[in-house]
Structure formats: structure tokens, C-alpha cells
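Novice: Sequence and predicted structure are below.
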Amino acid sequence: MDKKVDKVIIVGAGISGLSAGIYGQMNGYKTEIYEKNPVAGGLCATWKRKNFPIDGCIHWMTGTKKGTEMRSMWDELHAFTDDDLISTDNFGTVEYEGIKVTFWCDLNKLEKELVEISPEDTKLIKKVIYMMYKIQNMPLPTDIPLSEMSLKRKISFVFGVFPYLKMYTYSKKIQRVDFAKKFKSPVLRYAFSKLVPGDGNLYSTLYAYGTVAFGNGKVLKGGSATLINNLVKSYKEVGGTIHYNSPIEKIIVEDKTAKAIQLKNGEIKEADRIITACDISQTSQLVGKKYRVKAFSKRFKSHADYPVPSCVYISLKIDLKEFEKLDISHIYQFETPSFMVGRRKEDSVSMRTYSYDKNFVVDGYALTTVLIHQTNVDYKYWDELYKNHDQYISEKERIAKAVVTRIEKKFPTMKGKIEILDVCTPKTYNRYTNAYCGSYMPFAFTSKGSIYYSNGKMRKLKNLLLANQWTVLPGGIPIAMMAGKFAIQRILKEEHKWYKITKPIRFIYKKTK
């Protein structure tokens, strides 16, 4: 047997890194996290502009429903309590030619309103709602990595999924925008095409909507700051250590084995195992091109089948009283005269106003964010533009003013009552987190792409484990959390140990002699 694992170094203090750290400490390992920034969180970030809080990540939290496997993991990490959660009655509203389509969490109410808008689409409307029920009930491997399941467990999982295969295959093989074209009503065609940003398939769209509609995706008070602060607190309470402002130069590899990390300042830190909880492209840079995950390399080359989502993220503060007079949902999307963002032409604005959370209301103003979709194809534009900083700043200001102008035109009473706080671009995300092409999530789940479950390793490289949202596509906050847990489970399996946690105690791996 290999040398007993004692010390584990974790690269990155985002959700994955903190999750790995907490589960590692709970299972008897001495863990240390090295984070390049002065604060934890990574992509799950909150910051201030003009003394106003901005949430750059969490819109809703998947895994909030009691009794689900994912909620039990969040509870193990002490990530939040029921008192931290806010329930919403809708997933947002899309307006088209003066007609509002609200995607209610009450699916009976949704069906009634959609049928009133377009009786001729009744059959398709019922099909959408039926698929949402099926998708939410479809089992997913969340408690243990698929690659580590026993044959018996895998067979059981396959049989559990079998009743949903027809629905899954259909919804996976059709893009959301193509499905939207099936509606006879132009209003419903437009509304369904705009339900979520990006290039995803129907399955990923209905899964996202369904998590909120079925109470498994509630809003977290305080957003990203609440989640990260709670995870950092949990990590420290179980004895973990975080080194901030500690960027890593490389991972030292000897005899195809990860031995240590070398910090930018030249310090070398040895460990029995190294977990990279940073972006997958950053991991590749740290270990060198010789070691790679073939599945990622293949997907990075296929932009059409595996687009990587990024965005231009505009933060505004708006007069709360005037906003409440508008009587619109906190997520509201409407048509606008087209305007350019990077090399893309945009013809709508989607506002998310945090009026429901006092943490984002200051002196009578509420935070409003506007996310404008970009992908890895757009990144080169922002990367080149950034080289001329004045032009880069000017372009950000132009886009923000274009958005404000369109909001004011749509809602004249808001004129003069909106202030620009901040504008992030794909380059911003890349600079702050080393995210590949400024991505905030890994490859979008498209009709031609496929879900990928990593075995958590890099080819021919020992003692290094991957723990980030890229390891289970299409990623996201709960995947990041699961990835950290999975990394520790893999170490435990290598050592033939019980898998132990505090409450409740559950055993996944059988102890061997």
C-alpha cells in the first residue's frame, strides 16, 4: 500500500476547495487551502462599488429542499439554514409585444395562463409541464462519484433512470430555441426562447426552471457572501487553514507523481495529495501540457457542440419605490432596439432586481443586474480590447449606458433614477479567477454535447485530484460542492477507509483488511 495520506493541499478557496477542505478535515486529514485572492469564493463572489453590495454569482440555490441528497450535503457543510432562504413565486417574466408571460412556480397557474395566451398550443404546454415533473424526479448520482460506484450500485442506478430515458433523450437532443419554434403563438415562441440565457438544450432549461418551481431552488439571503462566509466558518471550525494572497506558480511533479506546490514567491509546500479546486485550464498550466484530461481537450476544440458560457454583467442601483410602482417581477425581460455587445447583437434586456433581499437594498436603492450572454468565441474580442485600457473602459461604459437608456425608455418613470455601479466582462472573470475564456460555468449542455463525469484524475499523474465544477458537466454551484466531496471520497477509497462524516454517519465504502 502507498504511504498513508496525512497532509492534503487544496488549490483554490472557491466552493469546491472549501467543500474538499471541510470533508477532508472531518475525515482526519490535515488540509491547507492556498488562494490567490485576498478573499475566498472564487467565482462565487460578492464585492462593493460605491459602497453598494453586488452579487456576482448566486441567483438561486439548487439543493434547498429538505429530504434531498443535495440538501443533506449542504447541511453537512453548514452552508445555510432554512432561515437563510427566500421562496419566490415565479422564475421570471418575459414580455413580447406588450404581452407578459410569467413562469410561475405554481405549474397549474402557469398552464392556465399559457393556455389563455395560446389555446392552440395546449397540447405542447401540457407536454412541457409533464417533462418538468419527470426531470425533477429523475435520479442523479449526487452522493458518490459515478466512476467509483460498485457494479451493483451502477446497475441499480441505471434501472432507476430507465423510466425517464425517453423523456431525457428527447429533451437532451433538442435545443431550447428550436423547441420554442414548435409553439404556434409568437409570444410563447419568444418567451420560451428567452427563458434562460445561453445556448443550452431543453433538458437543462427545464431542470433549472424546475428546481425553483418544485422548491429545490430557493433564493439565498445575502447571496454569495452568505454561502462563502458560512463555508469558511465551517472550514475553520473543523481545523482547516486558508492562505490568502498565495498564488501558485506550479505543481511539482516527480516520477509522474504530484509532490508539492511552488508558490509565486518561490516557497515550496509538500503534501501527500494535491487537490486542484481551480479552473481546469489553470490546472493544466500548473502541471504542464504533458498531463491532461483527453475529454476536456476534445470539448475545448468543439465550440459549436460545447460552447462555454460567459457574460457581460452590468450592476445598477435603482430607486426602490419607483421600481415597486412598476408592479413587475424581480426578473423581467423585454424587447429593445438592438445594440452591440462585443461582436454580438442584442435585442432584449433581462433585469434582475434584488428588491426581495434587504442585504441588497441601501438608502432606498436596490441592486439590479443585467446579464448579457457571451461565450468562449467572444473572449478574444475582450482580451484584445483590454490591451488598450482606455478603449476597454469606454466600451464598458457605452454598453452600460445603452442598457440604462433602454430601461428608461421602457419605464419612463425610472428616468434619472438609475445609477451605473459596475460592468464586468469575460476578461474580468478571467483576470480574477483564471477562468477559461472568462467562463462562469463549464460547457453548456447542448443537443449535440454530452454530460461528462470525470474520474477526478489527470492521465498518468498520481496523487493529484480534480475538484471543480468542470468535473461533472454542465457544472454549477451544487456540482462544485459535490466535486470537493468526491475528491475526499476518492482519497478515502485509495486508503480503504470508512467514509465518515459528522451527522448523520453514513458508510459508502466497505472497510477491507
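Specialist: Looks like it came in fine.
Novice: Please pull out the lowest mean pLDDT helix or strand from the protein.
Specialist: Scoring the helices and strands of the chain by mean pLDDT, DSSP states H and E places helix 294-300 at the bottom, with a mean of 80.
Novice: Okay, buried residues for that one please.
Specialist: In terms of neighbour count (16 or more other Cβ atoms under 10 Å), helix 294-300 has its buried residues at Phe296, Arg299, Phe300. Where C-beta positions appear, they are placed from N, C-alpha and C, glycine not excepted.
Novice: try stretch 134-149
Specialist: 134-136, 138, 140-146, 148-149.
Novice: Farthest pair within these?
Specialist: Lys134 and Glu148 (27.3 Å; Cβ to Cβ).
Novice: Identify the residues contacting the least confident helix or strand of the chain?
Specialist: With contacts defined as Cβ atoms under 8 Å, 6 or more residues apart in numbering, helix 294-300 is touched by Ile280, Asp305, Tyr306, Tyr436, Phe443, Gly449, Tyr452, Ser454, Arg459, Trp470.
Novice: how about TSV for those, with neighbour count and distance to Glu76 added?
Specialist: Shown next, in TSV, are those (neighbours: other Cβ atoms under 10 Å; distance: Cβ to Cβ, whole Å):
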residue	neighbour count	distance to Glu76
Ile280	22	25
Asp305	15	36
Tyr306	25	32
Tyr436	23	30
Phe443	26	28
Gly449	21	31
Tyr452	20	25
Ser454	23	22
Arg459	10	31
Trp470	30	23
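Novice: Mind putting those into CSV with secondary structure, distance to Glu495 and pLDDT?
Specialist: Below are the contacts of helix 294-300 laid out as CSV (DSSP: H, G, I helix; E, B strand; the rest coil; distance: Cβ to Cβ, whole Å; pLDDT from 0 to 100):
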residue, secondary structure, distance to Glu495, pLDDT
Ile280, helix, 26, 89
Asp305, coil, 38, 84
Tyr306, coil, 35, 87
Tyr436, helix, 32, 94
Phe443, coil, 32, 87
Gly449, coil, 35, 79
Tyr452, coil, 27, 78
Ser454, coil, 21, 85
Arg459, coil, 22, 81
Trp470, helix, 25, 90
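Novice: Run a quick neighbour tally on the closest residue to Lys184 other than its chain neighbours.
Specialist: Distances taken as Cβ to Cβ, 6 or more residues apart in numbering place Glu120 nearest to Lys184, at 4.8 Å, with adjacent residues excluded. A total of 11 residues lie near Glu120 under the criterion other Cβ atoms under 10 Å.
Novice: ok, now the one 4 residues further on?
Specialist: The burial count assigned to Leu124 is 17, neighbours taken as other Cβ under 10 Å.
Novice: In terms of secondary structure, what does the helix or strand encompassing it contact?
Specialist: Per DSSP states H and E: Leu124 is located in helix 122-137. If you count contacts as 3 or more Cβ pairs under 8 Å, 6 or more residues apart in numbering; DSSP states H and E, helix 122-137 packs onto helix 107-117, helix 165-172, helix 202-213.
Novice: neighbouring contacts of the second one?
Specialist: Here helix 165-172 makes contact (Cβ under 8 Å, 6+ apart) with Met131, Lys134, Ile135, Met138, Val161, Asn201, Leu202, Tyr203, Leu206, Phe445, Ser447.
Novice: Go through that helix and flag the buried ones.
Specialist: Met167, Tyr168, Ser171, Lys172.
Novice: Not counting its neighbours along the chain, what's nearest the third one?
Specialist: If I follow you right, that is Ser171. Distances taken as Cβ to Cβ, 6+ apart place Tyr203 nearest to Ser171, at 3.9 Å, with adjacent residues excluded.
Novice: Test my guess that that neighbour contacts Ile135.
Specialist: Yes - applying Cβ atoms under 8 Å, one finds Tyr203 in contact with Ile135, separated by 6.6 Å.
Novice: just the helices in the stretch 1-150 of the chain please.
Specialist: Secondary structure of the stretch 1-150 of the chain, counting by DSSP state H, counting those that start in this stretch: helices at 15-26, 69-76, 107-117, 122-137.
Novice: Which among these is found nearest to Val101?
Specialist: With Cβ to Cβ, the closest approach to Val101 among the helices of the stretch 1-150 of the chain belongs to helix 107-117: 6.8 Å.
Novice: Now do the domain split for this structure, please.
Specialist: Structurally, the chain divides into domains by automatic domain parsing as follows: 7-48+56-63+222-303+444-494, 88-214, 309-438.
Novice: from the chain's centre, how far out does the last one sit?
Specialist: Read that as domain 309-438. Relative to the centre of its chain, domain 309-438 is centred 18 Å away, using Cα atoms, centre = their mean, to the nearest Å.
Novice: what's the span of that domain, first residue to last?
Specialist: 8 Å (Cα to Cα, to the nearest Å).
Novice: Burial check on His243, number of neighbours?
Specialist: Number of residues near His243 (other Cβ under 10 Å) recorded here: 15.
Novice: about what we covered before: the buried residues of stretch 134-149 into TSV, with extra columns for distance to Thr257 and pLDDT?
Specialist: Formatted as TSV, those follow (distance: Cβ to Cβ, whole Å; pLDDT from 0 to 100):
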residue	distance to Thr257	pLDDT
Lys134	46	92
Ile135	42	91
Gln136	43	89
Met138	39	86
Leu140	33	80
Pro141	29	80
Thr142	31	82
Asp143	30	80
Ile144	26	83
Pro145	22	83
Leu146	26	79
Glu148	21	80
Met149	26	81
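Novice: nearest to Leu188, of those residues?
Specialist: Comparing the buried residues of stretch 134-149 against Leu188 with Cβ to Cβ places Ile135 closest, at 19.4 Å.
Novice: Could you list the low-pLDDT ranges of the chain?
Specialist: 1-3, 498-513 (pLDDT under 70).
Novice: what's the single longest helix in it?
Specialist: Determined from DSSP state H, the single longest helix within the chain is helix 389-410.
Novice: what does that helix rub up against?
Specialist: Where contact means Cβ under 8 Å, 6+ apart, the residues beyond helix 389-410 that reach it are 312, 314, 316, 334, 336-337, 339, 341, 349, 351, 370, 372, 382, 385-386, 414-416, 418, 420, 423, 425, 427.
Novice: next helix or strand past that helix?
Specialist: Once helix 389-410 ends, the next helix or strand along the chain (criterion: DSSP H and E) is strand 418-424.
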